[in-house]
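Engineer: starting from these lines, generate the structure:
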Amino acid sequence: MFKSKLLRAFPLVAIAASMVLGSPLSTVRAATTDNTIVLSSPRLQGTEPVTVYGADVSLISTLDPQKAEDVVSISPIENLFLGLTDVDPKTSKIRPEVATKWEKNAAGDVWTFTLRTDIPWVRWDPKAQKATEVRKVVAGDFVYGIKRSCDPRLAAYYTSVSAAMIKGCDVVAKLDAAAVKDSDFDQIGVKALSDSQLEVTTQGPLPFFESTTPMWMLRAVPKEAIDEYAENWTEPGNIITNGPFVLDQWDKNVNRVFVKNPLYPKDVENSYGGNVERLITIIVKDAGTQYSLYQNNEVDASGLPRSEQAKIQADPELSKEISKTFDLTTFYFGFAYDKPPFDNAHARRAFSASLDRKTFVSDVLGGRGAAIAHFMPPGIFGAVGINEVGIGAPENMGFDADYAKAEIAAAGYPNCEGFPNITILTYSGATNWAEYLQNGVKTVLGCDTSKVNVEEAEFSVLLKSIKPDVPTPQRPNMWTLGWGPDYPDAQNWIHDVLSCNAENDFKRPCGDIDKMIDDAGKELDSKKRADMYRQLEEMFFGKDGEMTILPLYTRLAVSLHKPWYHGLFETDALFGGAHWDTRTIDQAAQLAARGGANKPINTPTPVPTAEATAAK
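Structural biologist: The predicted model follows:
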C-alpha cells in the first residue's frame, strides 16, 4: 500500500495493555527429542526476552504473502517468510536470501535460481511455547507460491503484478474464478528442476525482473497448512513460516506479538547485527495515544506529532531521537472513471489544478513533505525531477487557477453550475486532506462545499470500497491513498498502479497509453526506457494529461526512537518490509526507564495533537 505499500494510518479502539503480555517468552532453550525447541518462561527466569515495545493505530490486514497489499501487512510478512532474494536494508541492493545465486539465459527470459536446502518450515505453538520443524523449504514451495500469486480466486492486488512478469500467469489471472481448474496452473512459467533449483520464465527479457525477486507475492508458502486450514491458515498455531520470527499472538483489534524463530539458520545473511527476540505491539486509538506511551517510556518508537515538533526539535535530548527520511512515498487522490463527473478528463484536470500543493504541504502537513504534481519521486529509475512535469508553471507544482476554471467549464460545469454531488472517501488521518481540497474547489472553481461530501473509513474498508468489482453506485467518486515502491523502477509506479491492466481501481478504459506502458517495461535500452517513462508522466499529468490520480506530495517521514533502540531506520523498508532482525535494544537502559521487566503497557490519556484533532 499505501498499496505495497499502500500507506496510511487509521484509528482503532485502544485496549487495556494488561492483555498484551499474555504469553511471556524467553530465549533460554530446552532441547527435546522431536526437533523442537521450547522457550522457558521469564517468570521462572526472572527476566524477559529482548523486546521491542510498540503501539500502532493500524491493523494488519493479512499475513498471507500472496494476498498482502499494504505496508502494515508486508512488514510482518518480511519477517515470517523468506524471499528468493532480499533488499539490503542499508544499501537497497538485491542480495541472496533463499536463493544463493541466480542467472538468466542468453535471451533474458528464463531465470534459474539455486536455493539453500537448510531452511526449515517451522510451526510455533503459542500455548506450549515451542517451535517444531515441519520439513525443509524446497523449490516446489516457490513454485506453489508463485503459481498461487496468479490465482484469480484470491482477488489479490498483486496478481496483476505477477501477471505482467511471469509467462502464462496473465492467462490464468484472467480466468473466471468460479471455473479455475488445477490443470490451468500448468501453463505458468515456473517449475522446480530439483529441490534446490527453480526455473522462472518471464514475459520476455524484462530489465526490471531481478529487482522484483524479493517481493512477498513471489515467496514460498506451505501448501499443507493452506490445504488444512484454508482461510485460517495464518492464525497463531496454524501458520507455518520460515523467516527469522514466528507469530505468537494476533488478536487483530488488540495486539500482535512476534518472537524470534529458534530454528532459524544462523548463517542467513544479516550483516548488521541485531538482538531483538520479541516484538509486542498494541493497537491504540490515535497518534496522540502513541506519543503519550512514548513519553512514558512504555513504547520504543512513535510518530512525531506536528503540534510537538518545535518543542521536540528544541530539546537537546529529544532532538537526538528524531529520524527523518524522504521515504519515496507519493500520496494522492484517486478518481473513479465509472461515474460522473470524473468520467470526464476535464473534470479530473480541473480538480487537480485547483489544489495548491505547496500551501497544503506547509499548512496541513507542517512542512513534512515535498509537493509533487506527477507520480514518481526522485530516486526511482525513470523518474523525472520533482517539478518537471505538471500543469502550469513548474514552481506552482500543478496549481493553476485559470486553467482549472477553464477545464471545469470544458467539462460542462462552468463556475461549477450543475456539478453533481460527489463523495471523497478518506482513511483516518487524511480527512483534513479532503477538507483542504473541498475548500480549494470552492475558492477556485466555485463548487459549493455541500456538493463535496467527505466520508472517513477504516483503511481496509476503504480498500474494499474502491475495488473495481464493487457496483458503481456504491463506489466513491474520489479517495485518498499513497504508494510506496516495491522495487526501484518506474514500472512499479506507471504499470502497477496506473495501467488499465493492473487492478485498476479507477476503472480507466484501456488505450494507446497502456501499450506504451507495456513497451516501456520491455525496453532493454535504459536511456530509451527512461525517456518513455518521462513521456508517460507527461501523458498522465501534463496539461492535456489523463490525470488518473491527483498527486499531492511525497512524504518526509519523521519518527522518534528511544536512545536504547537502534536500527537502520532511515534506509530499511524503502522497498518491501522492515528487517526486525537488524535492530538492537539496550535492554538494561530500556528496562530501567520502563521500571522493570514484564511491566504491561498502559494506555494513557492521549496528548492532544494536530493529527488527533484533524482525525476526529
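Engineer: which parts of the stretch 501-616 of the chain are helices?
Structural biologist: Counting by DSSP state H, counting those that start in this stretch, the stretch 501-616 of the chain has helices at residues 512-522, 526-541, 587-594, 610-615.
Engineer: for Thr51, which of these is the nearest?
Structural biologist: helix 587-594 (8.0 Å; CB to CB). Every C-beta, even on glycine, is put in place using the N, C-alpha and C of the backbone.
Engineer: restricting to C-alpha, output the closest one in CSV.
Structural biologist: Extracted as CSV, the C-alpha positions of helix 587-594 are listed here (Å, rounded to 0.1, in the frame of the first residue of the first chain):
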residue,chain,number,x,y,z
GLN,A,587,17.8,-3.9,27.4
ALA,A,588,19.3,-2.6,30.6
ALA,A,589,18.6,1.0,29.7
GLN,A,590,15.1,0.1,28.4
LEU,A,591,14.0,-1.7,31.5
ALA,A,592,15.5,0.9,33.8
ALA,A,593,13.3,3.5,32.0
ARG,A,594,10.2,1.2,32.0
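Engineer: just to revisit the earlier point, include distance to Lys174, mean neighbour count and mean pLDDT when you put the helices of the stretch 501-616 of the chain into JSON lines, please.
Structural biologist: Compiled in JSON lines, the helices of the stretch 501-616 of the chain are given as follows (distance: least, CB to CB, whole Å; neighbours: other CB atoms under 10 Å; pLDDT from 0 to 100):
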{"stretch": "helix 512-522", "distance to Lys174": "15", "mean neighbour count": "17", "mean pLDDT": "97"}
{"stretch": "helix 526-541", "distance to Lys174": "24", "mean neighbour count": "18", "mean pLDDT": "98"}
{"stretch": "helix 587-594", "distance to Lys174": "52", "mean neighbour count": "16", "mean pLDDT": "96"}
{"stretch": "helix 610-615", "distance to Lys174": "40", "mean neighbour count": "19", "mean pLDDT": "35"}
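Engineer: switch those over to JSON lines; also include distance to Gly392.
Structural biologist: Formatted as JSON lines, these follow (distance: least, CB to CB, whole Å):
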{"stretch": "helix 512-522", "distance to Gly392": "22"}
{"stretch": "helix 526-541", "distance to Gly392": "11"}
{"stretch": "helix 587-594", "distance to Gly392": "51"}
{"stretch": "helix 610-615", "distance to Gly392": "28"}
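Engineer: and the ones you listed: which comes nearest Val389?
Structural biologist: Of the helices of the stretch 501-616 of the chain, nearest to Val389 by CB to CB is helix 526-541, at 4.6 Å.
Engineer: how far is that closest one from where the chain is centred?
Structural biologist: 25 Å (CA atoms, centre = their mean, to the nearest Å).
Engineer: other SSEs contacting that helix?
Structural biologist: For helix 526-541, the packing partners by 3 or more CB pairs under 8 Å, 6 or more residues apart in numbering; DSSP states H and E come out as helix 512-522.
Engineer: helices or strands up against the helix it packs on?
Structural biologist: helix 526-541.
Engineer: how long is stretch 377-384 end to end?
Structural biologist: 8 Å (CA to CA, to the nearest Å).
Engineer: contacts made by that stretch with the rest, please.
Structural biologist: Contact with stretch 377-384 is made by 208, 326, 328-330, 370, 374, 376, 385-386, 485, 488-494, 520, 526, 529-530, 532-534, 537, 554, as judged by CB atoms under 8 Å, 6 or more residues apart in numbering.
Engineer: can you tell me how far Glu395 is from Asn387?
Structural biologist: Distance of Glu395 to Asn387, given as CB to CB, to the nearest Å: 7 Å.
Engineer: these two - which one has more neighbours?
Structural biologist: Using other CB atoms under 10 Å as the criterion, Glu395 and Asn387 rank with Asn387 on top: 17 against 8.
Engineer: from His374, how far out is the more buried one?
Structural biologist: Per CB to CB, Asn387 is found 9 Å from His374.
Engineer: tell me the strands in the stretch 51-200 of the chain, going along the chain?
Structural biologist: Using DSSP state E, counting those that start in this stretch, the strands of the stretch 51-200 of the chain run over 51-56, 85-87, 94-96, 99-104, 110-115, 120-125, 130-136, 190-194, 197-201.
Engineer: tell me which stretches of the stretch 201-350 of the chain form helices.
Structural biologist: Applying DSSP H, counting those that start in this stretch to the stretch 201-350 of the chain gives helices spanning 209-212, 223-229, 287-295, 309-314, 345-353.
Engineer: dump the strands of the stretch 51-200 of the chain into JSON lines; add mean pLDDT as well.
Structural biologist: Conversion of the strands of the stretch 51-200 of the chain to JSON lines gives the following (pLDDT from 0 to 100):
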{"stretch": "strand 51-56", "mean pLDDT": "96"}
{"stretch": "strand 85-87", "mean pLDDT": "97"}
{"stretch": "strand 94-96", "mean pLDDT": "97"}
{"stretch": "strand 99-104", "mean pLDDT": "98"}
{"stretch": "strand 110-115", "mean pLDDT": "98"}
{"stretch": "strand 120-125", "mean pLDDT": "98"}
{"stretch": "strand 130-136", "mean pLDDT": "98"}
{"stretch": "strand 190-194", "mean pLDDT": "98"}
{"stretch": "strand 197-201", "mean pLDDT": "98"}
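Engineer: in JSON lines, list the ones you listed along with distance to Glu298.
Structural biologist: Compiled in JSON lines, the strands of the stretch 51-200 of the chain are given as follows (distance: least, CB to CB, whole Å):
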{"stretch": "strand 51-56", "distance to Glu298": "6"}
{"stretch": "strand 85-87", "distance to Glu298": "31"}
{"stretch": "strand 94-96", "distance to Glu298": "35"}
{"stretch": "strand 99-104", "distance to Glu298": "40"}
{"stretch": "strand 110-115", "distance to Glu298": "42"}
{"stretch": "strand 120-125", "distance to Glu298": "26"}
{"stretch": "strand 130-136", "distance to Glu298": "29"}
{"stretch": "strand 190-194", "distance to Glu298": "46"}
{"stretch": "strand 197-201", "distance to Glu298": "45"}
